[in-house]
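Q: Turn this into a structure:
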Amino acid sequence: MAETASSGGASAVPDVLGPELDCVFCGINPGRASAAAAAHFANPRNDFWRLLHDAGFTPRLYSPAEQFRLLELGFGLTNAAYRTTPGSGDLRRADFDGARLAALAQELQPRAIAFVGKEAYRGAFGERAALGPQARSLGDTALYVLPSSSPANAAVPYAERLQWFRALREWLEPEEREAVRAVVVDSGGRVLLLSWENQAGRWWITPGGGLLAGEAEEAALRRELLEEVGLADFELGPVVLERTHVLPWGERLLRQHERYYLVRVASLAVEPTIDLAPENVTGHRWWTADELAATDERIAPPQLAGLVRSL
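A: Model prediction:
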């Protein structure tokens with residue numbers, strides 16, 4: 001995993017980042033001790049490194065100077081604001097850059113970003129948060145809020161802070177889920193996608209969903225297609241794609257194994273048989289392969305344009 005310094009020399013403390021990390025810990029900004037050491041959480045009174053070890057993230061107590069060794073364990077470090085200040089109370093709203101964190105999530109695809117302190121999260125997104133997993137996500141990167149490890153947070157007992165770090169460690173291991181989806185293609189070669197939205201934005205996804213306990217894949221897909229698009233009578237085609245990915249789902253992490261079946265229709269008037277609003281589905285659209293290849297919209301699965309062309 002590559003070591004990545006902060007962009008443009010804007011921070012006295014380098015980012016510790018690499019692709020596809022299990023978790024990136026995000027502090028609020030560098031204090032003077034961290035700036036002097038060029039290391040995250042370098043104030044000797046900051047409990048971050050002790051909390052990491054006691055919660056089981058590291059096999060022994062690391063020093064701030066060993067920060068890049070976290071990459072070997074699947075963890076990274078950054079800050080919500082790059083400017084060094086005597087205290088976080090000296091930060092201005094303009095110091096925070098939520099767009100940078102969104103770009104980090106898109107480029108490096110960490111499983112989660114854990115904000116070390118509520119103020120780090122509020123600075124990035126302009127909203128208050130409770131401790132624990134968040135409903136907001138950055139694409140497929142889930143978000144979590146930890147109590148601050150700063151000495152300024154001494155009113156919160158160490159045992160309570162450790163409890164939240166341990167809860168994060170457990171939460172980072174995703175729940176397993178089996179799912180089936182349909183690549184519904186009409187006689188004009190167009191594919192049917194549903195608009196799915198949450199706080200992080202909109203994705204265009206294929207119809208389908210998770211298997212119920214004891215449910216066969218074909219039965220699950222027929223149930224989902226009837227509910228989501230009103231398609232009841234169809235011939236199930238072959239599996240044309242299979243993938244496994246980790247994604248935030250509400251306040252959980254899922255490791256979802258998906259099998260995509262081809263379903264051909266002459267035409268289809270989309271008429272859901274259930275209310276899809278609770279599932280965050282807001283509409284539908286038929287897409288050509290060229291439209292999929294040219295769009296800036298987020299498409300899932302991302303290789304769908306090539307798949308539709310091959311069909």
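
Q: what's downstream of the helix or strand where Val183 lies, the next helix or strand?
A: Assigning secondary structure by DSSP states H and E places Val183 in strand 175-185. Toward the C-terminal end, the helix or strand that comes next after strand 175-185 (DSSP H and E) is strand 191-198.

Q: who does that next one touch, helix- and strand-wise?
A: strand 132-138, strand 175-185, strand 201-205, helix 217-229, strand 281-287 (3 or more C-beta pairs under 8 Å, 6 or more residues apart in numbering; DSSP states H and E). For the C-beta atoms, the positions are set from N, CA and C on the backbone; glycine is no exception.

Q: Three-state assignment for Arg69, please.
A: Three-state call for Arg69 (DSSP: H, G, I helix; E, B strand; the rest coil): helix.

Q: The spatially most central residue of the chain and Glu119, how far apart?
A: In the chain, the centroid-proximal residue (C-alpha atoms, centre = their mean) is Thr141; its distance is 1.3 Å. For Thr141, the distance to Glu119 equals 20 Å [C-beta to C-beta, to the nearest Å].

Q: Take the helices and strands packed on strand 191-198 and write them to a markdown table, including mean pLDDT, mean neighbour count and distance to Phe125.
A: Listed next are the helices and strands packed on strand 191-198 as a markdown table, based on pLDDT from 0 to 100; neighbours: other C-beta atoms under 10 Å; distance: least, C-beta to C-beta, whole Å:
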| stretch | mean pLDDT | mean neighbour count | distance to Phe125 |
| --- | --- | --- | --- |
| strand 132-138 | 89 | 18 | 7 |
| strand 175-185 | 96 | 19 | 25 |
| strand 201-205 | 89 | 17 | 13 |
| helix 217-229 | 97 | 19 | 31 |
| strand 281-287 | 96 | 16 | 22 |
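
Q: Which stretch among these approaches Glu271 most closely?
A: Minimum separation from Glu271 across the helices and strands packed on strand 191-198 (C-beta to C-beta) falls at helix 217-229, 7.4 Å.

Q: Can you dump the C-alpha atoms of the closest one in PDB for me?
A: The C-alpha trace of helix 217-229 is given here as PDB (Å, rounded to 0.1, in the frame of the first residue of the first chain):
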ATOM      1  CA  GLU A 217     -32.400 -17.400  -6.200                       C
ATOM      2  CA  GLU A 218     -35.100 -17.700  -8.900                       C
ATOM      3  CA  ALA A 219     -37.900 -17.300  -6.400                       C
ATOM      4  CA  ALA A 220     -36.100 -14.300  -4.900                       C
ATOM      5  CA  LEU A 221     -35.600 -12.600  -8.300                       C
ATOM      6  CA  ARG A 222     -39.200 -13.300  -9.400                       C
ATOM      7  CA  ARG A 223     -40.400 -11.700  -6.100                       C
ATOM      8  CA  GLU A 224     -38.200  -8.700  -6.500                       C
ATOM      9  CA  LEU A 225     -39.100  -8.000 -10.100                       C
ATOM     10  CA  LEU A 226     -42.800  -8.200  -9.300                       C
ATOM     11  CA  GLU A 227     -42.400  -5.800  -6.400                       C
ATOM     12  CA  GLU A 228     -40.100  -3.300  -8.000                       C
ATOM     13  CA  VAL A 229     -41.100  -3.100 -11.600                       C
END
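
Q: Show me what the helix or strand just after that helix packs onto, helices and strands only.
A: Sequence-wise, the next helix or strand downstream of helix 217-229 (DSSP H and E) is strand 236-249. The helices and strands touching strand 236-249, judged by 3+ C-beta pairs under 8 Å, 6+ apart, are strand 141-146, helix 217-229, strand 252-264.

Q: can you give me the mean pLDDT across strand 236-249?
A: Average pLDDT, strand 236-249: 91.

Q: Identify each buried residue in it, please.
A: 236, 240-241, 246-248 (16 or more other C-beta atoms under 10 Å).

Q: For Ser137, state which of those residues is nearest.
A: So of those, ranked by how close each gets to Ser137 (C-beta to C-beta), first place is Pro248, at 4.3 Å.

Q: low-confidence ranges in the stretch 1-150 of the chain?
A: The model of the stretch 1-150 of the chain has pLDDT under 70 over residues 1-9.

Q: Just the helices from it, written as ranges.
A: For the stretch 1-150 of the chain, the helices defined by DSSP state H, counting those that start in this stretch cover 32-37, 48-54, 98-108, 118-125.

Q: okay if I get those as JSON lines plus distance to Leu307 and mean neighbour count?
A: Shown next, in JSON lines, are these (distance: least, C-beta to C-beta, whole Å; neighbours: other C-beta atoms under 10 Å):
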{"stretch": "helix 32-37", "distance to Leu307": "47", "mean neighbour count": "17"}
{"stretch": "helix 48-54", "distance to Leu307": "42", "mean neighbour count": "20"}
{"stretch": "helix 98-108", "distance to Leu307": "22", "mean neighbour count": "16"}
{"stretch": "helix 118-125", "distance to Leu307": "34", "mean neighbour count": "23"}
